[in-house]
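Trainee: Here is my input, please return the structure:
(chains A and B)
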Amino acid sequence: MNHFDLVVVGAGIMGVTAALRAADGGMRVLVLEQDSAGSRASGVNAGTLSLQIKRVSLMRYALAGYAWWKDAGDAVGFKRTGSYTLAFNASEEALLDERMRLKIAAGAPIEFVSPATVRAAESALCDRIVSATYCADDGHADSTRTGVYLRALLHDAGIELRERSALLGIDVGGVGYTLRTAHENVTSTNLLLATGAWLKPTAALLGADLPIEVRVNTVTATERGPSLLGAGVGHATGLLTLKQKSNGSFLIGGGWQGRGSPETGRGEVVGETLLQNLRLARFAVPGIVGFRILRSWTGFEAFVPDHYPLAGELPGIPRAYVLGCVRGGYTIGPCIGTLMGDRILGREPALPLFDPARVMKPQIAMHENIDSPLRTRSPTLPIA
Amino acid sequence: MKKNGSDIVVLGAGPAGSAAAVEASALGLYVTLFDENPVAGGQVYRQSPGIRSTASSQEQVQGDALGAALTASTVDKCFEHRVWQVERLQSGFAVHAVGPEGPVVREARALIVASGATERQFPIAGWERQGVLSLAGATVLIKSQRMLPGRNVVVAGSGPLLMVVAAAIIEGGGTVAAVIDANPRRAWWADMGALASRPDLLARGAGWIRTLVAHRVPMLFSHVLRRIDGNPAVSRVEAVPIGAGGAPLPDAQALSIQCDSVCTGFGLLPSTDVTRLVGAAHIFDAVRDTWQVKIDADQRCSLAHLYACGDGTGVAGAAAAPWQGRVAALAAAHDLGILSLGVAVEKMRPARRQRDIAARFGMAMARLANVRPNMVEGITDATVVCLCEGITRATLDAAIDLGCVTQNDLRSATRCGMGPCGGRLCEDVTSRLIAARTGLSRQVIGQPTGRPPLRPVDLNTLAGTFDYDSLPMAQPSPL
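Mentor: Below you'll find the model as predicted:
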């Protein structure tokens, strides 16, 4: 039987957590994935779980997402290490001060600490710290384990996952949505597009034009070495994330840009940019000099002009939802995905969602041929 | 063209790359040649033993001539440079390297990749022990450093290099406890047609065998090592017979052999790191059982102005490599507008012919250096497959059962191939393990994504000296 209450396109963190919630609410759910579960942004990011680098108005979502990763625990290599955000000059100090005060007010357990305190706790850090903040809850997980973990969650919930099933087209009408892949056609009453960097072309299959652009973030891993650093390290500008994993290797990120595009599927590390990222890392943690670089890679991160998430129904396309463009999506993703699941179930989400209509040009109602039951927005499914 | 730009950058100064560089510069192109070693020659001309060269061999004569031509040429020779990243630009390529004076970047209109091959390994229980070496590593040790891997050595694996290393150990005063070849004895005769095209090399092969026979070295065909014991260094091995497909024979008696070192290898794998990094198409060669970069008859890859030559395009041997290099240089010269089509074709014709004749012998040799299809059955659960990260077969099989059916999935789930070797030592066998467990073909399983740096690079060397206040900071992230 190839009809589902909900088909989720994209087996990343957000698509899978939405699928889990919808299935928990009684829906028959299928997840389609063009590659492997959790293999794109969900699995190639630096694994940073830091409240200090979350946007002020997303803090409540970040706290809930953080709790989800903490619950996942050893299965994803969750570690609560604490982390410092550092400023090395007056302008960075001003930036840190302004930003962290707002984040503290938004509920993040962040505190200002003196440079001497930082150096006493972490002797491997630079001695030119001007000001710093600390968040004891910050930590990291192994993003490489995301795929295995998400697959296990889906399996345990009895949700079918079809990997290597790229979406070729969507037909609207009749029983709802018909999704065409290279292997088969499936139909669904509800449709959730959670395709990350591919959200723009996927939504375009429904005629929706989303103003999505894509960042190409670089992450670098070093070889293993002696333990130098317990806490995570960030920079006032947000341009550095750095941590030493329990196996002794460092992970260095901070959103330095490579090049490439989701259309070609290929991201490329830009050598000159990588060097700047490594310089900032070496400045912040001088002890890293003895380590060799083993690997650098890129991951795509989609965003819209206001840098807030898209999470809601597409205007004029009933029961077709989009979910993505979450800044800090690794931490926040499980929260927004779960809220999205509630919304699809017809429940009131515990936190407000992010209507995609705000970033779209006003459009004429597009799909006049949709059968009337599909237009009904009220919940039609029993809620557990 | 920027002032740090070249017409062509050639990666690798082995026989293929050197020939390509000499040919292209002779046509008036500005060529930069990168190699990690202090001199040209690559793996072939540097090492003296064996079919891959000896003092009097045809390869060495060619090598000496090519080295002289390179010295006399206008090629910008960047030896002792470790290339760590190759980027695709709007038009052409940017090659990043670290040399004696720190990081350098060279842009080029065209790129010729001649990065050769690496030795294929196959896991054996206990191969992480002290005293286990690759055949290539043993060769370097014996000939360059004049040291023996041990006093009493087992040489095991497949292919002609077994005989080369065993003979070299004896000539160096050591003892060979046994030569253990996964191939049946008759495999050597099956390719005799192609081998006969090089009577000089056949004669040399006969010489090694005479040496082994004269020293009464036990030679076990259709056998593999089942385990390597010792604490901590190697003290004995167990060899078992295998069937035609490569699986251990049931109820077969294991043979225990005392030794203090094991040298092992199963032929060569084309190096595809650079071509994967830039996103060129690759093909799986079912005959040689390896992935290699896809090329046309003129050594062009699937991307504009990208060429490949030498063993990276499929192991064909040292004799074919310079001809491949010449064809690549001529194709590039034509594509860059230096040579008319007519002249290019005219010049290419003899080089192509020579290349194809030479490749026949090399491919026959490559066929002898294989991993038999069912040999994976002999890998026990506790055997370490990824030496860098210490990942066992059991761990990999568990991840495969959880749905990790691509190389990238398996790496992410287990960290296999994510250590300093970058997966060079294990990616051939992990692909075989996925195939064995899922029934998927190795073509479908694919290769892992290529990622820089091509080899580990020191962070401090890359970062160089800098002033914090001049770091180009982007806009802070949105508040």
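
Trainee: does any bit of the lengthiest strand in chain B sit next to chain A?
Mentor: Secondary structure assigned by DSSP state E gives strand B:102-113 as the longest strand of chain B. Yes: for strand B:102-113, a contact with chain A is found by C-beta under 8 Å from any C-beta of the partner chain, at B:103, B:105. Quick note: C-beta positions are derived from backbone N, CA and C, even for glycine.

Trainee: Could you export that strand as CSV, CA atoms only?
Mentor: Extracted in CSV, the C-alpha atoms of strand B:102-113 (Å, rounded to 0.1, in the frame of the first residue of the first chain):
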residue,chain,number,x,y,z
GLY,B,102,55.6,27.4,3.5
PRO,B,103,52.2,27.4,1.7
VAL,B,104,52.0,28.2,-2.0
VAL,B,105,49.1,28.5,-4.5
ARG,B,106,49.4,28.0,-8.2
GLU,B,107,46.6,28.6,-10.6
ALA,B,108,46.6,26.8,-13.9
ARG,B,109,44.5,26.7,-17.1
ALA,B,110,44.9,22.9,-17.2
LEU,B,111,45.7,20.2,-14.7
ILE,B,112,47.4,16.9,-15.4
VAL,B,113,47.1,14.4,-12.6
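
Trainee: Partner strands of it, with direction?
Mentor: strand B:5-11 (parallel), strand B:93-99 (antiparallel), strand B:306-308 (parallel) (DSSP bridges).

Trainee: And the residue of the stretch 201-350 of chain A closest to chain B?
Mentor: With C-beta to the nearest C-beta as the measure, A:G238 is the residue of the stretch 201-350 of chain A nearest to chain B, at 3.7 Å.

Trainee: Next one: that residue from A:I252, what distance?
Mentor: Using C-beta to C-beta, to the nearest Å, A:G238 is found at 14 Å from A:I252.

Trainee: By proximity to chain A, which residue of chain B wins?
Mentor: B:S477 (3.7 Å).

Trainee: so that residue touches A:Q52, yeah?
Mentor: No: at 11.0 Å, B:S477 does not count as touching A:Q52 under the criterion of C-beta atoms under 8 Å.

Trainee: ok so, going back, check which element follows the longest strand of chain B along the chain.
Mentor: Later in the chain than strand B:102-113, the nearest helix or strand by DSSP states H and E is strand B:117-119.

Trainee: re the thing from before, with mean neighbour count and distance to B:L269 as added columns, please give the strands paired with strand B:102-113 in a markdown table.
Mentor: Output for the strands paired with strand B:102-113, formatted as a markdown table (neighbours: other C-beta atoms under 10 Å in any protein chain shown; distance: least, C-beta to C-beta, whole Å):
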| stretch | mean neighbour count | distance to B:L269 |
| --- | --- | --- |
| strand B:5-11 | 27 | 17 |
| strand B:93-99 | 23 | 23 |
| strand B:306-308 | 30 | 15 |
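
Trainee: B:G325 and B:A19 touch, don't they?
Mentor: Yes: between B:G325 and B:A19 there is a contact under C-beta under 8 Å: 3.4 Å.

Trainee: anything in contact with each of those two?
Mentor: B:C309 (C-beta atoms under 8 Å, 6 or more residues apart in numbering or on different chains).

Trainee: remind me which residues of the stretch 51-200 of chain A are low pLDDT?
Mentor: Flagging of the stretch 51-200 of chain A using pLDDT under 70 yields an empty set of residue ranges.

Trainee: near chain B, which residues of it?
Mentor: Near chain B, when you scan the stretch 51-200 of chain A using C-beta under 8 Å from any C-beta, you find A:53, A:55-56, A:88-89, A:95, A:99, A:102, A:128, A:144-148, A:151-152, A:163.

Trainee: Among the residues you listed, which ones are in helices?
Mentor: A:95, A:99, A:102, A:146-148, A:151-152 (DSSP state H).

Trainee: In a strand, A:T189, correct?
Mentor: Yes: assessed by DSSP: H, G, I helix; E, B strand; the rest coil, A:T189 belongs to a strand.

Trainee: That one is in contact with A:D5, isn't it?
Mentor: Yes: look at A:T189 against A:D5 with C-beta under 8 Å: they come within range, at 5.3 Å.
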